[in-house]
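Colleague: Got a sequence here, can you build the structure:
(one chain, ligands or ions: 1)
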Amino acid sequence: MKLSPSIQGLIDGLRHLPGVGPKSAQRMTLHLLERDREGAQEIAEAIETALAKVRNCERCRNFTELAICEICSDPKRDASTLCVVEAPADVMAIEQSGSFRGHYYVLMGHLSPIDGIGPDQLKIRELLARLDDEGITEIILCTNPNTEGDVTAMYLARLLKPLGLRVTRIAS
Ligand code: ZN
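Modeller: Presented below is the predicted three-dimensional model:
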């Protein structure tokens, strides 16, 4: 059966979501059109707003709607300690645990030469520039506990240790 272009378009759109295959995308589409048009409108508007407003913090690269995010601009946080993570989800997890009061740097990925992701893509130069400016003395490498995360942490440790910083590795 050939679906109408709009229905097919919504199914295809939903398949961009992680873990959503053709069957669940179809189920979600029919659900929204049959039973929750208001909810569908809400989703459409929320996506549009988020895309227009959310960007990367100029200092830590985490998602924010401000030029400098709330964590980076909070004077009560310890600016001498920097935790390096791979993704905004890591910042959320650490913040929810409430155990860290320093600042962050979000790499937005990990080193992966096969995918063409090197130090430039992770904006390592920007990270190094922060060290000079902000009096950072301790770096916690909190990349993911897998091969890519380890390789990224090792690369950073090799780069950062000669600068006289205290560098520790904690798998997130
Ligand atoms: Zn920030």
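
Colleague: Pro75 falls within a helix, correct?
Modeller: No. Using DSSP: H, G, I helix; E, B strand; the rest coil, the secondary structure at Pro75 is coil, not a helix.

Colleague: That one - how many residues pack around it?
Modeller: 5 (other Cβ atoms under 10 Å). No exception for glycine: its C-beta is placed from N, CA and C like everyone else's.

Colleague: Same check on the one 4 residues further on?
Modeller: The number of residues packed around Ala79, counting by other Cβ under 10 Å, is 14.

Colleague: and it, what does it touch?
Modeller: Ala79 makes contact with 102-103, 134-136 under the criterion Cβ atoms under 8 Å, 6 or more residues apart in numbering.

Colleague: Any chance of TSV for those residues, columns distance to Met154 and pLDDT?
Modeller: Converted to TSV, the contacts of Ala79 look like this (distance: Cβ to Cβ, whole Å; pLDDT from 0 to 100):
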residue	distance to Met154	pLDDT
Gly102	21	96
His103	22	96
Glu134	24	84
Gly135	25	87
Ile136	20	92
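
Colleague: and these, which two are the farthest apart?
Modeller: Gly102 and Gly135 (12.0 Å; Cβ to Cβ).

Colleague: Please identify every residue contacting each of these two.
Modeller: Common neighbours of Gly102 and Gly135, counting by Cβ under 8 Å, 6+ apart, are 79-80.

Colleague: quick one: buried residues of the longest helix anywhere in the chain?
Modeller: For the chain, the helix with the greatest residue count under DSSP state H is helix 37-53. Across helix 37-53, burial judged by 16 or more other Cβ atoms under 10 Å covers Ala40.

Colleague: next SSE after that helix?
Modeller: Heading C-terminal from helix 37-53, the first helix or strand you meet, by DSSP states H and E, is strand 55-56.

Colleague: for that next one, packing partners?
Modeller: strand 63-64 (3 or more Cβ pairs under 8 Å, 6 or more residues apart in numbering; DSSP states H and E).

Colleague: what lines up beside the strand it packs on in the sheet?
Modeller: Paired with strand 63-64 in the same sheet, following DSSP bridges, are strand 55-56 (antiparallel).
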